[in-house]
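[1] give me coordinates for this.
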Amino acid sequence: MNAKSDFMLIKNIQTDANSRLTEKAKRRLRKSKADNTLRAYASDWSDFSDWCAYQGETALPAAPETIVNYINDLADNAKANTVARRVTAISENHIAAGFPSERNPAKDGMVRAAMASIRREKGTFQRGKTPILMETLYLLADCFGDDIVSKRDKALIFLGFAGAFRRSELVRVKLEDLSFSHEGMTIFIAHSKGDQLGHGTTIAIPYAPDEEICAVRAVESWIHAASLKAGPLFRPFTKTHTLRNSQLNDKSVALVVKKYAKLAGLNEESFAGHSLRRGFATSAAQHDVDALSIMRQTRHKSEKMVHRYIEQGNIFKENPLNKMYHSS
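    Numbers count the residues shown, from 1 in each chain. From the prediction side, this is the model:
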């Protein structure tokens, strides 16, 4: 990962200079945050550092006024949530550099006030991708062929929905993580965004009464067709449709979803890998599944996002006009 020399979350000068730490301990300390988080923070810090260089300001340590001026420039073209993430990256890098909370410029009251003003002005609403709902699965089911690529893609989409997977979790599933029974399939998820400490969790995928949209049968069919014995469940193909041994890239999940959305006559640009996870939660809400049950499957740690899905799923069901229309 390429990062600025003053990005302390990867190469911390204080940690590296600590002679009382073993090399093994230093390597572990560099992995205190997930790789995706580090990449995002490194990119955010790089932008802030470049802005400071252009303005002739010091990035580390930064003055609160420097951060305020930076985020106000950034807010001209960025969403409020993007600005907030940049402030978090700046804060985390100062913490890694040894600045305690009271000396962390990103936590200064002036920065908080500027951030509050940006949120009020720009709002924090994020328009998500279109969810793949339960009824959407039937549309997609008609688009799969009998070839081996279609079998992989069908298993990928149906399992992604049924397990409410993030795309990074989905492509990391291995044969060794699966267990089959007469009731369906269980999957052990060793790492996820909401499980940074790697405790792991197991989710269940029961057989669907309708074989047409059954994730378990789709996975079984794919494993049999590809003669998989161990390793990654989802793998890329060569141009001649020879199966590789490596893990499928997580960006490929979005491409697969878009491909079949287009074949189903839908606007593929409205869909992405997250459409599967979001679709499960929204569909579950439409079927009156309670929030805690949804959270067990989606592995959300906070109810905030789940309740947003529930609101979206019930937007027509609990609409006052429906009661008015059917009262007469």
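
[2] pretty sure G123 contacts N81?
    No: using CB atoms under 8 Å, G123 is not in contact with N81, being 9.7 Å away. C-beta: built from backbone N, CA, C; applies to glycine.

[3] more neighbours: those two, which one.
    Shown here are G123 and N81; by other CB atoms under 10 Å, N81 has more neighbours (14 against 11).

[4] quick one, strands of the protein?
    178-180, 184-189, 201-206 (DSSP state E).

[5] mind listing the strands the second one pairs with, and their directions?
    Right, the one you point to is strand 184-189. strand 178-180 (antiparallel), strand 201-206 (antiparallel) (DSSP bridges).

[6] how about the contacts made by D142?
    The contact partners of D142, by CB atoms under 8 Å, 6 or more residues apart in numbering, come to A264.

[7] neighbours of A281, how many?
    Around A281 there are 25 residues (other CB under 10 Å).

[8] low pLDDT regions in the protein?
    Applying pLDDT under 70 to the chain flags residues 1-3, 11-18, 26-35, 124-128, 192-198, 309, 312-315, 317, 327-328.

[9] surely M295 is in contact with E303?
    Yes: the pair M295 / E303 is scored as a contact, 6.9 Å apart, by CB under 8 Å.

[10] so for these two, which sits in the more crowded spot?
    Neighbours were counted for M295 and for E303 using other CB under 10 Å; M295 has more, 18 against 13.

[11] quick check: closest non-adjacent residue to that one.
    V306 (5.5 Å; CB to CB, 6 or more residues apart in numbering).

[12] residues contacting the one you found?
    A281, A291, I294, M295, T298, H300.

[13] can you say which of the strands of the chain is packed in most?
    strand 184-189 (a mean of 18; mean count of other CB atoms under 10 Å).

[14] mind exporting the C-alpha coordinates of it to PDB?
    Output in PDB follows, covering the C-alpha atoms of strand 184-189 (Å, rounded to 0.1, in the frame of the first residue of the first chain):
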ATOM      1  CA  GLY A 184     -29.900 -26.300   4.500                       C
ATOM      2  CA  MET A 185     -26.500 -24.900   4.900                       C
ATOM      3  CA  THR A 186     -24.500 -23.100   7.500                       C
ATOM      4  CA  ILE A 187     -21.600 -20.700   6.800                       C
ATOM      5  CA  PHE A 188     -18.900 -19.700   9.100                       C
ATOM      6  CA  ILE A 189     -17.800 -16.100   8.500                       C
END
